[in-house]
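Enquirer: have a look; sequence and predicted model below, questions after that.
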Amino acid sequence: MQLTTRQIELVQATIPTLQQHGVELTRYFYNRMLSNNPDLKEIFNLGNQRNDAQPQALASAILAYAQNITALQNLDNAISQIAHRHVSLDIQPDQYPIVGTNLLHSISEVLNVPMDSELIEAWSAAYQQLADILIQAEANLYQQQNNTKGGWNGWKKFKIVDKQEESSEITSFYLQPVDNSPLPEYQPGQYISVRVMVPQLGIRQPRQYSLSDSNHPEYFRISVKKETANQQHKAGYVSTTLHEHYQIGDEIEVTNPTGTFLLHNPDKNTVLISAGVGITPMIAILNTLAAENNPHQQISFIHACRNSSVLAMHQHIIELQQTMPNLHSYLACENPGTELAADKIGRLELSELNRALLPADADYYICGPKQFMHSQYHTLRNLHIPQNQIYMELFGTGGFSQLTA
């Protein structure tokens, strides 16, 4: 749908309001939509509603759309990320009108603008334009899944065939299809969505988890951090359910692997930077590079953790180093205790590292908490690493602008 000049002007005129009241609007929208359509609660992660992550991400996305309404090519990466997330949740075209209706009514009710106003008409056209773009992008991804050997669309039943504790917080789950069908190959760094029945809510809830191993023909592996309650956040619905209620032999629902965080140049020097559970896609990338065993490639594995009890997969990295002289590791730990030999006691500061660990020609991959990624990205830029050599995993709908703004 092509917007008129007047409609574009009206959408752009709402930018100041979106900057000031965007999250208020999206909170109202989600409350309205999920109250009117309770079946959608099994699509939208209610933990992300409760901690305000989803309203904040949507507010950022709407603002970015309004700011780039005349230059949508600026949003290509963000739109691709959103499309992959939607496909991982089995979002379908017939759900877009539900979202659109509730969004337009929310704009009307929050901004106190009549539904038959020019502004609502403009945002209706703008929403339809974005919906058409996403629906087409998602159709292409669904088709790719169907055309991939072992691929599928939507939710599929898997059984837990193994469960291994990696640290005091992280447990790995090994998953196989209930129907014993072959698994599709995926790119290291990609993720799957899993859906489980959450006893506390009485409904199923989805959550996306990075695949934490290189391709294996027999299983998928995810490594799940148990999100325990603290002063800032309540316990995670899905992670707590998986840790406490799901055992070997139990079944969960899974979608086809997807995602835009990929190993782009497997032959280049590679630097992997992670914190906490952000280590999971890095292990998948590292294991893939280890299988290639290119002796001319330098790999730096840089990780940060709070303490030794929460550090996952450290022994695996040590063992790989024994057979990979081109693999160099660096560990920053705030409280390593007496048993862990950390390279630094304290927080990770890339500017303090030996430059040999940070080759100028390398590709850089970053995954961890948002503030951690923000800090590492800007340090790398200050060290003159080009932006096109830096890749980050973002679990949100706001896109790359969330970190670089």
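Expert: Received, thanks.
Enquirer: state whether E227 is indeed within a helix.
Expert: No - if the criterion is DSSP: H, G, I helix; E, B strand; the rest coil, then E227 is coil and not within a helix.
Enquirer: and the nearest residue to P217 once chain neighbours are set aside, how many neighbours?
Expert: Residue nearest to P217 in three dimensions, not counting chain neighbours: L183, with 6.4 Å by C-beta to C-beta, 6 or more residues apart in numbering. Using the backbone N, CA and C atoms, a C-beta is placed for each residue, glycine as well. Neighbours of L183 under the rule other C-beta atoms under 10 Å: 20.
Enquirer: give me phi/psi at L183?
Expert: Note on L183: backbone dihedrals following degrees, to the nearest 10 are phi -100, psi 150.
Enquirer: one more: C367?
Expert: Torsion angles, degrees, to the nearest 10, at C367: phi -150, psi 130.
Enquirer: what is the neighbour count of it?
Expert: By other C-beta under 10 Å, 27 other residues sit near C367.
Enquirer: same deal with the one 4 residues further on?
Expert: Neighbourhood size, Q371 [other C-beta under 10 Å]: 10.
Enquirer: residues contacting the residue lying closest to G259 once chain neighbours are set aside?
Expert: Once flanking residues are discounted, G259 sits nearest to Q190: 4.0 Å by C-beta to C-beta, 6+ apart. Contacts of Q190 were listed using C-beta atoms under 8 Å, 6 or more residues apart in numbering, and they are 210-211, 257-259, 261-262, 281.
Enquirer: from those, which is closest to V161?
Expert: L211 (15.2 Å; C-beta to C-beta).
Enquirer: what sits against the closest one?
Expert: L211 touches 186, 188, 190-192, 220-222, 257, 280-281, 284, counting by C-beta under 8 Å, 6+ apart.
Enquirer: helix or strand: which one has S193?
Expert: Using DSSP states H and E, S193 maps to strand 191-198.
Enquirer: flag every buried residue along that strand.
Expert: 191-196, 198 (16 or more other C-beta atoms under 10 Å).
Enquirer: what do you get for stretch 291-311?
Expert: Under 16+ other C-beta under 10 Å, the buried positions of stretch 291-311 are 297-305, 308, 310-311.
Enquirer: what about A229, how many residues close to it?
Expert: Applying other C-beta under 10 Å, I find that A229 has 10 neighbouring residues.
Enquirer: what's near enough to touch Q176?
Expert: Going by C-beta under 8 Å, 6+ apart, Q176 touches 158-159, 161, 218-220.
Enquirer: all good on my end, thank you.
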